[in-house]
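A.B. asks: Got a sequence here, can you build the structure:
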Amino acid sequence: MITKCTVRTLHRARPPSSAAPPVALAGNTVGVVSDLGRALKRVVVGPAMRSDKLGETLLPKRLALPIFASDALSSVAYAPDEIFLTLALAGGAFATTHSWQIGLGVVFVMVVVVMSYRQNVHAYPSGGGDYEVANENLGPWAGLGVASALLVDYVLTVAVSISSGVQNATAAIPALDGHEMPVAVALIVLLTAMNLRGVRESGKAFAIPVYAFMLSIIGMAVWGMVRSASGSLPQAESARFELLPEHGYEGLTGIALVFLLLRAFSSGCAALTGVEAISNGVPAFEKPKSRNAATTLLLMGALSVTMLMSIVYLAIQTGVKYAENPQEQLLLDGRHVGPGYVQHTIIGQLSLAVFDNFPLGVVVVSAVTGLILVLAANTAFNGFPVLGSILAKDGYLPRQLHNRGDRLAYSNGIMILAAAAIVLVIIFDAEVTKLIQLYIVGVFVSFTLSQVGMIRHWNRLLRDGDGDARQRRQHRTSRVVNYVGAFMSGSVLMVVLVTKFAAGAKYAILAMLVLFVMMKAIRRHYSHVSHELAVPEDDTLEGRLPSRVHAVVLVSKVHKPTLRALAYARASRPSTLEAITVAVDPEEGERLQEEWLRRGIPVPLKVLDSPYREITRPVLGYIASIRRTSPRDLVMVFVPEYVLGRWWESILHNQSAFRIKSRLLFMPGVMMTSVPYQLRSSDDLRDELDAATAAQDRGRGLVHAEEGPTP
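C.D. replies: Numbering: from 1, shown residues only. Below is the predicted model of the structure:
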């Protein structure tokens, strides 16, 4: 039976070649399925690992230290510079007389923070770190505040560390001058590739450079102190200069002097960045996880304090002058040093002085310092993905961040971190002096809220009466430590906000606010979707059965794909079945009806008129009319689909039906079934996909059925 109906169309569309098949599966030349692409991925990432091999990725302390502490350890390469740089604004011997005091203040905060975090890793070993502490004890808003601060700080850690490393390398390799930004981007890409291979793999690669840095700095400090005690320690290259105060900083007294000291203190507190990373990475440690993490924290704190104060001491002993504007502030024999003077970093000047008769020592110190600054970014590559995974699990970030990649690393988080850091490096042109102003704020926000959260944690345990008398004494002692930690970190946070807000910290705060609002919106979306999809207790499957199933097959002409779709539709045994076509060309419509009758196809055909030569609107209008007539009926639309093997073939087919399918997705009570018909060009692509699957299985250690049993 053939019937004909007219549908008035409202918009003009170009005449398509057919009303049928939609999207083509195309592309035997697509790179993601090519042998070259797969081979490149395996070279970069390595062979895939089974989920039950996760235990093999856990870290012993000797690998955990360079992985999680590289950021905190590397900060001693620039924290002394920041202290001397700020104090040099007052000129003269101001830096020499006050740098050791600022250093001791930073050390005191470091000791308190390390002691506090050693308690965190025992109380909250799940890896949530500051976020989990704040979330459980202060509420979701505080937890999100900490998470926002940490995420921003991790991105800045990568950008600052890489840029600083490139800047140090430029001093040794003048050819890099002017090309810092592309080099920094390339290094971020390299670190990303190494971290995609897994935590343990990256730890093995980074362990030697990190340990070399520690040994070289401590070795330089010991040898410098020996020479100082024997009176043979020479002066630094800048000791002969006269240091002038910056304009407006002459003769500081009272509040202005205190403000400058506080600013130097806040700059020196850059040495504390990365301390929180170990508390976020407890799950990556070998058992006993908490004890190993606490021990690693203690080692990191002891090494950082030792190296920081050693550098400050030697800088004072060698008379280092370090100025923000050396051409204007440094005088030699009453004249400015001029633009030709190259100011080396404090570590660079110390190595030249301590190893004045041992050039290889200077080279080693310079090389490992530049390298550790680059590798410091690896701390963020371990902390950001883990935190992102926890936030995704809690519904604050896209759930894809909770998935592990081929190497059991959180690949999506690693890629997002790398992309954000690259954007920052490009925007700020890899200039450390600009990036450093955004730094530190986030880490002290997390420090402060974490300490307050731990106070609430101990208060709750003491109030509930948990533990015996000895344990309660330990709780009280721990609470005192956290009180001190909260006061110190809160004070530093206030100082950082006051001294660095106008210089750039405001942008970091803005980024935290944007992340906070975004994560709240994501959580709200997931909550709404979950509520909308929840099944009421009194809801049953029988109550959702449609009254009838009305099947519709889209037809453009009588060919094999059409007959296959009709056969499948009949096999589904719907309540009613009909075929529809759109008569864009009346003559073609007549010929289709004649062939339909001639072949005796046992399915009624309806021809929809389209005076404006459009296909989509008539089909949608007809299906909508079925829904209006019988709202409880289910409409099943069968769409023949060409399966093609070449990317350019998809341009020639399936465009009209693709638009129809896209619109049908938004119609309630309508289901779609694609009926694929494989053209010959798809054979090669199918073979290629089968080969790709087999290669992936072999990479995962699987065996195909014809080769043997699958483990």
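
A.B. asks: pLDDT score for residue 617?
C.D. replies: If you check residue 617, the pLDDT there is 88.

A.B. asks: Would you mind measuring from it to residue 609?
C.D. replies: Separation of residue 617 from residue 609 (C-beta to C-beta, to the nearest Å) stands at 12 Å. C-betas here are computed from N, CA, C, even on glycine.

A.B. asks: what do you get for residue 560?
C.D. replies: Per C-beta to C-beta, residue 560 is found 27 Å from residue 609.

A.B. asks: tell me the SS of residue 640?
C.D. replies: Here residue 640 is strand, with the state taken from DSSP: H, G, I helix; E, B strand; the rest coil.

A.B. asks: which residues sit in contact with residue 72?
C.D. replies: 271-275, 277, 300, 304, 379 (C-beta atoms under 8 Å, 6 or more residues apart in numbering).

A.B. asks: Just the closest of those to residue 150, please.
C.D. replies: Closest to residue 150 out of those is residue 277 (9.4 Å), distances taken as C-beta to C-beta.

A.B. asks: burial of the closest one, as a residue count?
C.D. replies: Neighbourhood size, residue 277 [other C-beta atoms under 10 Å]: 31.

A.B. asks: more crowded one of residue 560 and residue 609?
C.D. replies: Between residue 560 and residue 609, counting by other C-beta under 10 Å, residue 609 is the more crowded of the two (17 against 10).

A.B. asks: Surely that one and residue 581 touch.
C.D. replies: No. Judged on C-beta atoms under 8 Å, residue 609 makes no contact with residue 581 at a distance of 10.7 Å.

A.B. asks: Mind putting the contacts of residue 72 into JSON lines with pLDDT, distance to residue 532 and secondary structure?
C.D. replies: Formatted as JSON lines, those follow (pLDDT from 0 to 100; distance: C-beta to C-beta, whole Å; DSSP: H, G, I helix; E, B strand; the rest coil):
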{"residue": "271", "pLDDT": "80", "distance to residue 532": "49", "secondary structure": "helix"}
{"residue": "272", "pLDDT": "81", "distance to residue 532": "45", "secondary structure": "helix"}
{"residue": "273", "pLDDT": "78", "distance to residue 532": "42", "secondary structure": "coil"}
{"residue": "274", "pLDDT": "76", "distance to residue 532": "42", "secondary structure": "coil"}
{"residue": "275", "pLDDT": "81", "distance to residue 532": "43", "secondary structure": "coil"}
{"residue": "277", "pLDDT": "79", "distance to residue 532": "38", "secondary structure": "helix"}
{"residue": "300", "pLDDT": "91", "distance to residue 532": "47", "secondary structure": "helix"}
{"residue": "304", "pLDDT": "92", "distance to residue 532": "50", "secondary structure": "helix"}
{"residue": "379", "pLDDT": "78", "distance to residue 532": "40", "secondary structure": "helix"}
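
A.B. asks: Outline the domain layout of the protein.
C.D. replies: Structurally, the chain divides into domains by automatic domain parsing as follows: 2-32+555-699, 58-526.

A.B. asks: Could you list the paired strands of the one helix or strand residue 673 maps to along with their orientation?
C.D. replies: Applying DSSP states H and E as the criterion places residue 673 in strand 670-678. Strand 670-678 has its sheet partners listed here by DSSP bridges as strand 634-643 (parallel).

A.B. asks: Average pLDDT for the partner strand, rounded please.
C.D. replies: Here strand 634-643 scores 89 as its mean pLDDT.

A.B. asks: and what of stretch 535-555?
C.D. replies: 78.

A.B. asks: buried sites along it?
C.D. replies: Residues 546, 549-555 are the ones in stretch 535-555 that count as buried (16 or more other C-beta atoms under 10 Å).

A.B. asks: which residues of the stretch 251-400 of the chain score low on pLDDT?
C.D. replies: By pLDDT under 70, the weakly predicted segments of the stretch 251-400 of the chain are 251-252.

A.B. asks: what comes up buried for stretch 587-597?
C.D. replies: Buried residues in stretch 587-597, defined by neighbour count with 16+ other C-beta under 10 Å: 589, 592-593, 596.

A.B. asks: Name the residues that touch the strand holding residue 673?
C.D. replies: Contacts to strand 670-678, defined as C-beta under 8 Å, 6+ apart, come from residues 21-22, 25, 560-561, 564-565, 568, 623, 627, 634-643, 661, 664-665, 686.

A.B. asks: give me that answer again for 6 Å
C.D. replies: Residues outside strand 670-678 that contact it (C-beta atoms under 6 Å, 6 or more residues apart in numbering): 561, 564-565, 568, 635-641, 643, 661, 664.

A.B. asks: How far off centre is it?
C.D. replies: Taking the mean of its C-alpha atoms, strand 670-678 sits 38 Å from the chain's own mean (C-alpha atoms, centre = their mean, to the nearest Å).

A.B. asks: One more: stretch 473-490?
C.D. replies: Centre-to-centre, stretch 473-490 and its host chain are 32 Å apart (C-alpha atoms, centre = their mean).

A.B. asks: now stretch 391-404
C.D. replies: Relative to its parent chain, stretch 391-404 has a centroid offset of 12 Å by C-alpha atoms, centre = their mean.

A.B. asks: how about the CA coordinates for that stretch, as CSV?
C.D. replies: Output of stretch 391-404 as CSV, limited to C-alpha atoms (Å, rounded to 0.1, in the frame of the first residue of the first chain):
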residue,chain,number,x,y,z
LEU,A,391,37.7,15.7,42.9
ALA,A,392,36.2,13.9,39.9
LYS,A,393,35.2,11.0,42.1
ASP,A,394,33.4,13.5,44.4
GLY,A,395,31.7,15.1,41.3
TYR,A,396,33.5,18.4,41.2
LEU,A,397,35.4,17.7,38.0
PRO,A,398,34.6,15.7,34.8
ARG,A,399,34.5,12.0,35.7
GLN,A,400,37.1,11.2,32.9
LEU,A,401,39.8,12.6,35.3
HIS,A,402,39.1,9.6,37.6
ASN,A,403,40.1,7.1,34.9
ARG,A,404,43.6,5.6,34.6
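
A.B. asks: I'm done for today, thanks for sticking with me.
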